[in-house]
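> The following block contains a protein sequence and its predicted model.
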Amino acid sequence: MKILRFLIDNSVYFYVAFMLAGALVGYFGRVPNFIKRHNGRVQTLCLILLLLAIGIEIGSNKEVLKALGNLGYKAAAVSFLSVLGTIFCINIFVRFLTKRE
């Protein structure tokens, strides 16, 4: 239980660590072909499950539902800027990694 609590409290660090580990594994070409073939499907499935979990969390939180009208524009702006920031960062990383090849 202590390990689970530690992971929950420090989850952002683990997300970043796993993403960096995956990027390094992919960069150095240590990924088996059977994983490469199904990687897109696994990503899509995990994304769908993540969105479902987020929807369940939002739907079950009555305070969020009450405040949704007031937070609507702010939430939309944060979401939009998050997507733009993600696209920007991905482009930087892709350009950085492709220059080395």
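Perfect, I can see it now. Residues are numbered from 1 along each chain as shown.
> What segments of this structure are strands?
Under the criterion DSSP state E, strands are not mapped anywhere in the chain.
> shaky segments in it?
Per-residue confidence for the chain (pLDDT under 70) gives these ranges: 1, 4, 7-8, 99-101.
> What's the biggest helix in it, counting residues?
Across the chain, the helix with the greatest residue count (assigned by DSSP state H) is helix 62-99.
> which strands and helices sit next to it?
Under the contact definition 3 or more Cβ pairs under 8 Å, 6 or more residues apart in numbering; DSSP states H and E, helix 62-99 sits against helix 33-60. Using the backbone N, CA and C atoms, a C-beta is placed for each residue, glycine as well.
> list the helices and strands the helix it packs on packs on?
Using 3+ Cβ pairs under 8 Å, 6+ apart as the contact test, the elements touching helix 33-60 are helix 62-99.
> Can you check what angle separates the helix it packs on from helix 33-60?
In terms of direction (axes from the mean of the first three to the mean of the last three Cα atoms, to 10 degrees), helix 62-99 departs from helix 33-60 by 160 degrees.
> For the longest helix of the chain, what is the distance to the chain centroid?
Taking Cα atoms, centre = their mean, to the nearest Å, one finds the center of helix 62-99 at 11 Å from the center of the full chain.
> swap in stretch 40-53?
Offset of stretch 40-53 from its chain centre (Cα atoms, centre = their mean): 10 Å.
> now what about it, what contacts it?
By Cβ atoms under 8 Å, 6 or more residues apart in numbering, the list of residues contacting stretch 40-53 from outside is empty.
> Please identify the buried residues of it?
Judged by neighbour count (16 or more other Cβ atoms under 10 Å), stretch 40-53 contains no buried residues.
> Just the C-alphas of it, formatted as CSV.
Listed in CSV are the C-alpha atoms of stretch 40-53, where the atom choice follows Å, rounded to 0.1, in the frame of the first residue of the first chain:
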residue,chain,number,x,y,z
GLY,A,40,-0.5,2.3,-32.8
ARG,A,41,-3.3,0.1,-31.7
VAL,A,42,-2.0,-0.2,-28.2
GLN,A,43,-1.7,3.6,-28.0
THR,A,44,-5.2,4.1,-29.3
LEU,A,45,-6.6,1.6,-26.8
CYS,A,46,-4.8,3.2,-23.9
LEU,A,47,-5.9,6.7,-24.9
ILE,A,48,-9.5,5.5,-25.1
LEU,A,49,-9.3,3.9,-21.6
LEU,A,50,-7.6,7.1,-20.3
LEU,A,51,-10.4,9.3,-21.7
LEU,A,52,-13.0,6.9,-20.3
ALA,A,53,-11.4,7.1,-16.8
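> Thanks again, I'm all set now.
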